[in-house]
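> My questions concern the predicted model and sequence given below.
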Amino acid sequence: MDDLFGAGRDNADGNDDAGGDDNGDAEESGRAGSAPRSGAGVASPRSPLAVRMRPRTLDDVVGQQHLLGQGSPLRQLAAGSNATGPAGPSSVILWGPPGTGKTTLAHVIAKGPGRKFVELSAITAGVKDVRRVMDEALTARDLYKTTTVLFLDEIHRFNKAQQDALLPGVENRWVVLVAATTENPSFSVVSPLLSRSLLLTLKPLTDADVEGLLQRAVADVRGLNGTAVLSAEALAHLVRLSGGDARRALTALEAAAGVAFGDADDADAVVGNTADKDTGGTDTADSDTADSDTAGAGAAEPVTIQLRHTERALDVASVRYDRAGDQHYDVASAFIKSIRGSDVDASLHYLARMLEAGEDPRFVARRIVISAAEDVGMADPTALQTAVAAAQAVQLIGMPEGRIVLAEAVVHLATAPKSNAAYMGINQAIADVRAGLGNGIPAHLRDAHYPGSKQLGHGKGYKYAHDAPHAVATQQYPPDDLVGRNYYVPTANGAERDIATRLERLRKIIRGT
């Protein structure tokens, strides 16, 4: 719903603006210092469906109800000068995936009375633009008692200096900042700006939200105006491919409707030609209406958008995945955790998701190698061999065949017995070293090859393991303060069942217990 559910309306709806903007262009010209607004004024009938279906008030917004309760910061912002209570408007950072309503909310907020709305894009704006807005906002506040709402899209694209330029205006409330980002603000927004703003997280729309939105778009006068209906199969297909993105859902609906109306026009042409040659007196008009899918755009019966229309309009679902953002880390995390959890099906899903989104297969291979050592470990020592072989094979043969090799490695790891005993063992050993434990090295283990070492007692009393039965000698190996410390604790999973039994015997011999 970014740039989706704002102020757009058709000519017939010109006076229904919830903000009371009945003056059209006159109102817009009164917004001193404002950048041109997407969707401002009257939306053309030829505008995209996603633009025409923008809501006019917060009550029209689909989804995000966790942020739109009575008295919420967004409600207070949208109320403008009509807001009640002692609390002033708060600057907010809207974080969420595309199509969830970030720009929508900003444009609805802009309709609040007593507000001046200024829109900047971090892609094109610089420090000079920010400072100009701050100066104008201070003037508007002091001279005209008007609060400036600054909507900054893609704030994560601002560098530190540009974000720092916002701090005085936000801290002193010269402006009320409404910033939008698709990337985690904890990584992309400077801490001082985060501390001066409320972070509001937008969620992907639910299937029910998208379904309601599509049904509304089909019936609404600003949408398809009842000239078409959606079959249940087509509706389910559009909902599934939307991925919780309202804009994508409406764009897909518009494309599918175009295919359906095109088929209807072709059918009308065929029926018309047949009627000219028909000598049997058949009423072709009546027979044509028997199947609403073949009705023309001007017929009484609406055109039915069928599953075949959505399939022809849409090739495959767009994979939501940003190789430099949250999705990169989130999907990779889910991938590793699915392998660790032995869910082979989920593991293959996330593998496919990464590869279809264009992820570097070498990155995937590296994660598989790490998982083999960390999560499978000695429960199946061959898993690491498989993972390393897969990483080398991917570099050798490349894609798309590399997907087969990666899939084999993923299946091996996901179905293998699991043990993180080796991983936990090295972590505990490192923790002891960092804590200062492990003082010195027993004299009999020290290097005795350099001149004078024997006079220092190095090597004295050392027992050569191969001279002992089974090549295991009783002697002290760790430093004095770590004698008896166990780092490796094998599990009872897979190959470690046998290792645990052998390890118990080894420790008894070595320690002489």
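Received it, and whenever you're ready, just let me know what you need. None of these values were measured; they are calculated from a predicted model. Residues are numbered from 1 along each chain as shown.
> and the residue nearest the centre of the chain, what element?
Nearest to the geometric centre of the chain sits residue 327, at 4.6 Å (C-alpha atoms, centre = their mean). In the assignment (DSSP states H and E), residue 327 maps to helix 326-340.
> Which strands or helices does the next helix or strand after that helix pack on?
Using DSSP H and E, the helix or strand that directly follows helix 326-340 along the chain is helix 344-356. Helices and strands touching helix 344-356, as assessed by 3 or more C-beta pairs under 8 Å, 6 or more residues apart in numbering; DSSP states H and E, comprise helix 326-340, helix 361-371, helix 402-415. C-beta here means a position set from N, CA and C on the backbone, and glycine is covered the same way.
> Kindly recompute the last result at 6 Å.
Here helix 344-356 touches helix 326-340, helix 402-415, going by 3 or more C-beta pairs under 6 Å, 6 or more residues apart in numbering; DSSP states H and E.
> Turn those helices into a markdown table, including mean pLDDT and distance to residue 459.
Output for the helices and strands packed on helix 344-356, formatted as a markdown table (pLDDT from 0 to 100; distance: least, C-beta to C-beta, whole Å):
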| stretch | mean pLDDT | distance to residue 459 |
| --- | --- | --- |
| helix 326-340 | 87 | 45 |
| helix 402-415 | 95 | 44 |
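> Figure out which of these is closest to residue 480.
Relative to residue 480, the nearest member of the helices and strands packed on helix 344-356 by C-beta to C-beta is helix 326-340, separated by 37.5 Å.
> Pull the distance from the closest one to the chain's centre.
Remark: helix 326-340 is offset 12 Å from the chain centroid, using C-alpha atoms, centre = their mean, to the nearest Å.
> Mind listing what's buried along it?
326-328, 331-332, 334-336, 338-340 (16 or more other C-beta atoms under 10 Å).
> cool, and stretch 215-233?
Those would be 216-218, 220, 222-224, 227-231, for stretch 215-233 by 16+ other C-beta under 10 Å.
> farthest-separated two in the residues you listed?
222 and 231 (22.3 Å).
> Now do the contacts for the closest residue to residue 68 other than its chain neighbours.
Residue nearest to residue 68 in three dimensions, not counting chain neighbours: residue 58, with 5.5 Å by C-beta to C-beta, 6 or more residues apart in numbering. Listed by C-beta atoms under 6 Å, 6 or more residues apart in numbering, the contact set of residue 58 reads 68, 78, 108.
> May I see the residues you listed organised as TSV, with neighbour count added?
As requested, the contacts of residue 58 are exported to TSV (neighbours: other C-beta atoms under 10 Å):
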residue	neighbour count
68	16
78	24
108	26
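> Tell me which of these fall in strands.
In strands, judged by DSSP state E, none of the contacts of residue 58 are found.
> about what we covered before: adding distance to residue 502, write the helices and strands packed on helix 344-356 out as JSON lines.
Shown next, in JSON lines, are the helices and strands packed on helix 344-356 (distance: least, C-beta to C-beta, whole Å):
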{"stretch": "helix 326-340", "distance to residue 502": "26"}
{"stretch": "helix 402-415", "distance to residue 502": "24"}
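> right, and the ones you listed - which one's nearest residue 125?
Ranking the helices and strands packed on helix 344-356 by their distance to residue 125 (criterion: C-beta to C-beta) puts helix 326-340 first, at 23.6 Å.
> what's the angle from the closest one to helix 361-371?
40 degrees (axes from the mean of the first three to the mean of the last three C-alpha atoms, to 10 degrees).
> Which strands and helices lie in contact with helix 326-340?
Helix 326-340 packs on helix 344-356, going by 3+ C-beta pairs under 6 Å, 6+ apart.
> Closest one of the buried residues of stretch 215-233 to residue 98?
residue 217 (18.1 Å).
> That closest one is in contact with residue 53, isn't it?
Yes - using C-beta atoms under 6 Å, residue 217 makes contact with residue 53 at a distance of 5.2 Å.
> how close does the nearest residue to residue 228 once chain neighbours are set aside get to residue 422?
Nearest residue to residue 228, sequence neighbours excluded (C-beta to C-beta, 6+ apart): residue 303, at 4.7 Å. Using C-beta to C-beta, to the nearest Å, residue 303 is found at 64 Å from residue 422.
> just residue 309 next, same as before
56 Å.
> Looking at the two now, which is surrounded by more residues?
residue 309 (26 against 20; other C-beta atoms under 10 Å).
> three-state assignment of that one?
helix (DSSP: H, G, I helix; E, B strand; the rest coil).
> ok, now which ones touch it?
256, 259-260 are the contacts of residue 309 under C-beta under 6 Å, 6+ apart.
> Ramachandran angles for residue 495?
phi -70, psi -20 (degrees, to the nearest 10).
> list the contacts for it?
Residue 495 neighbours (C-beta under 6 Å, 6+ apart): residue 379.
> Now do the helices in the stretch 401-513 of the chain.
402-415, 421-434, 496-511 (DSSP state H, counting those that start in this stretch).
> Ok, the stretch 151-300 of the chain next?
Under DSSP H, counting those that start in this stretch, the stretch 151-300 of the chain gives helices at 160-164, 167-171, 185-188, 191-195, 207-219, 232-242, 246-277, 284-288.
> Could you export the ones you listed to TSV, including columns for distance to residue 470 and mean pLDDT?
TSV is the format used below for the helices of the stretch 151-300 of the chain (distance: least, C-beta to C-beta, whole Å; pLDDT from 0 to 100):
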stretch	distance to residue 470	mean pLDDT
helix 160-164	64	88
helix 167-171	71	88
helix 185-188	55	85
helix 191-195	60	90
helix 207-219	64	91
helix 232-242	63	86
helix 246-277	67	77
helix 284-288	92	44
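> Switch those over to a markdown table; also include distance to residue 507.
Shown next, in a markdown table, are the helices of the stretch 151-300 of the chain (distance: least, C-beta to C-beta, whole Å):
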| stretch | distance to residue 507 |
| --- | --- |
| helix 160-164 | 55 |
| helix 167-171 | 61 |
| helix 185-188 | 46 |
| helix 191-195 | 50 |
| helix 207-219 | 57 |
| helix 232-242 | 57 |
| helix 246-277 | 60 |
| helix 284-288 | 88 |
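> Most neighbours out of the contacts of residue 309, which is it?
Going by other C-beta under 10 Å, residue 260 tops the contacts of residue 309 with 28 neighbours.
> picking that back up, any chance you could list what contacts the helix holding residue 327?
184, 321, 346-347, 350, 353-354, 371, 375, 413-414.
> What distance do you get for the residue nearest to residue 403 when sequence neighbours are not counted to residue 414?
Ranked by C-beta to C-beta, 6+ apart and with sequence neighbours excluded, the top spatial neighbour of residue 403 is residue 355, at 5.6 Å. Counting by C-beta to C-beta, the gap from residue 355 to residue 414 is 16 Å.
> Those two - which one has more neighbours?
residue 414 (24 against 19).
> mind listing what the more buried one touches?
By C-beta under 6 Å, 6+ apart, the neighbours of residue 414 are 339, 342, 344, 347.
> repeat for residue 256
305, 309-310, 313.
> Out of those residues, grab the one that's most surrounded.
residue 305 (30 neighbours).
> hang on, the earlier thing: tell me the pLDDT at the residue nearest to residue 403?
pLDDT recorded at residue 355 is 89.
> next one: the one 10 residues further on
Among the per-residue scores, residue 365 shows a pLDDT of 95.
> in which helix or strand would I find the nearest residue to it once chain neighbours are set aside?
Closest residue to residue 365 apart from its sequence neighbours, by C-beta to C-beta, 6+ apart: residue 391 at 3.8 Å. Per DSSP H and E: residue 391 is located in helix 382-397.
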